[in-house]
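Engineer: Build me a model from this:
(2 chains)
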Amino acid sequence: MDPAHCRIFLVDNDVRATKVLAQMLREDGFDVEITFDGATAIARLGRDPLPDVLITNYQLPHVDGLSIVRFARSRSDRLPVLMITGYREVLEPAAKDFDPPIRIFGKPIAYAELLHELEPYKR
Amino acid sequence: MFDELKRYVRFTPADADALAGFGPLAEPHLAHVVDLFYERIREHEDAHAVIQDEAQLARLKATLVGWLRTLCSGPHDESYFENRAKIGRVHVRIGLPQRYMPIAMSVLRVELQSLAATLPDPQRNAVRSALARILDLDLAIMLETYRDDFVARLQRVERLERDRIERALARSEHRYVSAIELAKVLIIGLDADGRIGLFNREAERVTGLARDEVLGQPFVETIVPEETRRDFAARVRHLTDDPGTTDQVWEAPLITRAGKRRTVRWQVTYAPHAGDEDIVTFAVGQDVTDSNALLERTLRNEKLAAVGTLAAGLAHEIRNPLNGALLHVTFLERALQRSSVGKEAHSALMIIGDEIRRLSALVKDFLVFARPSPPQIKATQLFELCERVAGVLSKDAATARVTIATDLGTSDHTFHVDPQKIEQALLNLLQNAVQAAGSNGGGNVTLRARRLPREIHIEIEDDGPGLPSPEAPIFDAFFTTKPQGTGLGLAIVQRIASDHGGTVEVDSRPGKTLFRLALPLRAPA
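Structural biologist: This is a model prediction of the structure:
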């Protein structure tokens, strides 16, 4: 793993979509680590090194995305977080109190917009 | 009358002569008789109560002495009768009960008869009969005054009773008139030929026709629209012809003076009355146009809510495969860009991407439409809201060569709405307007806002080609004239308007289409 790269931790239970998203992000110069359920994600976030950016789905097996975000922020309170969801209407009010704010992408996500959002974290 | 009584009692001139002879004999005893009389009178409480003081008693005694004197002396003529009647009326006036008259009279009778008993035969018998007759006459006359008084009182009571009944009747009539006039139902009375004989205020209000215009006019022809007249007339005829049915209830349209139709639920009752030829049938109607519309809206909303719950779950689940599909399309696009495959393959992929995005927009609109969240009402500045909406679409407008002008009046207003939802409604309307105006290669759109006494009107006008037809159900879900439209934009606008207790109206002709969103200053929470 090239330490110069921005490390993204991507959590989504839709395996095929997650894999293709990860592949594109890698092509665009990011280090991407993926996991497909909430429990594994929490376990990973308990270890160092922490990622530079967390991207997580909202609805996940075992533990939901917001719990993952809270756990991650407890370890790194300024950690940039992006969430992707098919339930934007539900998630937006639930996620509005985070600081720094969480950027939310509704499904289907536009890859170009996501990439644009991640641009500042590239090293 | 006195003469008739005299005849009846057989009081003769011989009797008068006998009394005239008795008079001087009785004279020294009269004061004593009168004293005895009043002694007896005062033994009784009620009678005693009539006497107020000694002076009055002295007057009464003098009168009685005079009375006894004329009893004997006569003359027993009309004025005698008048005098007795007068004394009788005094007794009536002071409230002496009638039953004391014969009793008091008998006191006098006994005393006078015992005086007469001292006379020698045959004068004694003549005087006794004459006394009996004249005392009967006097008693009869004085009792007559009681009868007169009784009749007068009876007449007064009758008059009062009549007045009371008349007043009660007038009151009762007034009540019935008020009940009919104030009732919020149409009440129309018809004669045997179906002509209007009664037309209440609500009937005037709903039909727009004045009472004096319709009285005497045939009901069916005046109020029922042509195509339902036969049915209506047949139903009324059925009532009058068939004694088994007394009333019928049905809904039928009526036509107003302005030519508008209202739906009325009629209850028509055949109620002939022997004393009233003018009205034999009563048609009582309730204007159910608005409540029917409300019911329809409620049913539609309920159906939408049921469909919405089901569909919302589905819509959310559609987003996951859409996400996978779009990411793979993006991946393929990037791969194709790097390779040397032809333009056609590339554009095919672009189309798939566009279709996925369209499906995604449909899901989003559908969720807004079918499962709207309740409005979050808060104080909202009108200018800021309008300017924000115009700002959001400025880029689209520029691309379509459309100018958006805002005409917001001179002073800003605060109104209470859900700003996000109103913004959404205005965006939908403004987007339509920009697309319409831009369809001829450019045009103008005006966003106008006005404060009315209790409402805010926001109008969006464009100079595009207008609606395809005035009957097009543009507010219905899934009705669209655009190849890329979801058919939910205006349905959402209407839903947002009605959730705020407002309305949305359209007026369209080629070159000028105006949508007006009317919102109450304070939306119901």
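Engineer: Close to chain A: what parts of chain B are there?
Structural biologist: Chain B comes close to chain A at residues B:316-317, B:319-320, B:322-328, B:330-331, B:334, B:356-357, B:360, B:364, B:367, B:373, as judged by Cβ under 8 Å from any Cβ of the partner chain. C-beta coordinates here come from the backbone N, C-alpha and C atoms, glycine included.
Engineer: Which ones among those residues lie within helices?
Structural biologist: Counted as lying in helices by DSSP state H, out of the residues of chain B next to chain A, are B:316-317, B:319-320, B:322-328, B:330-331, B:334, B:356-357, B:360, B:364, B:367.
Engineer: Just the buried residues from these, in ChimeraX please.
Structural biologist: To isolate the buried ones among these in ChimeraX, judged by 16 or more other Cβ atoms under 10 Å in any protein chain shown, type:
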select /B:316,319,320,322,323,324,325,326,327,328,330,331,356,360,364,367
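Engineer: residue ranges for the strands of the chain, please.
Structural biologist: Using chain A here. Here chain A has its strands, by DSSP state E, at A:6-11, A:30-35, A:53-57, A:81-85, A:103-106.
Engineer: you looked at the wrong chain, it should be chain B
Structural biologist: B:186-190, B:196-199, B:247-255, B:261-270, B:281-287, B:378-381, B:402-407, B:414-417, B:443-451, B:455-462, B:503-509, B:512-520.
Engineer: Please tabulate those strands in a markdown table, including the columns mean pLDDT.
Structural biologist: Below are the strands of chain B laid out as a markdown table (pLDDT from 0 to 100):
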| stretch | mean pLDDT |
| --- | --- |
| strand B:186-190 | 92 |
| strand B:196-199 | 92 |
| strand B:247-255 | 85 |
| strand B:261-270 | 89 |
| strand B:281-287 | 91 |
| strand B:378-381 | 91 |
| strand B:402-407 | 91 |
| strand B:414-417 | 91 |
| strand B:443-451 | 92 |
| strand B:455-462 | 93 |
| strand B:503-509 | 89 |
| strand B:512-520 | 93 |
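Engineer: middle-most residue in the chain, spatially?
Structural biologist: Picking chain A for this. A:Ile55 (0.7 Å; Cα atoms, centre = their mean).
Engineer: Chain B is the one I meant
Structural biologist: B:Leu182 (2.5 Å).
Engineer: wait, that one sits on B:Arg205?
Structural biologist: No. Counting by Cβ atoms under 8 Å, B:Arg205 is not a contact partner of B:Leu182; they are 11.7 Å apart.
Engineer: What sits closest to the residue in the stretch 101-250 of chain B positioned nearest to chain A if chain neighbours are left out?
Structural biologist: Distance from chain A to each residue of the stretch 101-250 of chain B (Cβ to the nearest Cβ) is smallest for B:Lys184, at 43.6 Å. Distances taken as Cβ to Cβ, 6 or more residues apart in numbering or on different chains place B:Glu202 nearest to B:Lys184, at 5.8 Å, with adjacent residues excluded.
Engineer: The one you found contacts B:Leu186, correct?
Structural biologist: Yes. Contact status for B:Glu202 versus B:Leu186: in contact at 5.2 Å, counting by Cβ under 8 Å.
Engineer: what residues are up against residue 40?
Structural biologist: This is for chain A. For A:Thr40, no contacting residues are found, by Cβ atoms under 8 Å, 6 or more residues apart in numbering or on different chains.
Engineer: right idea, wrong chain: chain B
Structural biologist: Applying Cβ under 8 Å, 6+ apart, the residues near B:Arg40 are B:Ala104, B:Val107.
Engineer: Next: B:Leu25.
Structural biologist: Here B:Leu25 is in contact with B:Leu115, B:Leu119 (Cβ under 8 Å, 6+ apart).
Engineer: and if you look at B:Ala130?
Structural biologist: B:Phe11, B:Ala14, B:Asp15, B:Ala16, B:Ala18, B:Leu19, B:Phe22.
Engineer: Quick check: the gap between the fourth one and B:Met105.
Structural biologist: Think B:Ala16. Separation of B:Ala16 from B:Met105 (Cβ to Cβ, to the nearest Å) stands at 20 Å.
Engineer: What ranges in chain A fall below the confidence cut-off?
Structural biologist: A:1-4, A:123 (pLDDT under 70).
Engineer: Chain B contacts on that one?
Structural biologist: So chain A meets chain B at A:14, A:16-17, A:20-21, A:23-24, A:27, A:84, A:86-87, A:89, A:106-112 (Cβ under 8 Å from any Cβ).
Engineer: nearest residue to A:Leu115 other than its sequence neighbours?
Structural biologist: Distances taken as Cβ to Cβ, 6+ apart put A:Asp28 closest to A:Leu115, at 6.1 Å, once the chain neighbours are dropped.
Engineer: neighbouring contacts of stretch A:68-77?
Structural biologist: Counting by Cβ under 8 Å, 6+ apart, residues outside stretch A:68-77 touching it are A:11, A:38, A:41-42, A:45-46, A:50, A:54, A:56, A:60, A:79, A:81, A:83, A:95, A:98, A:102.
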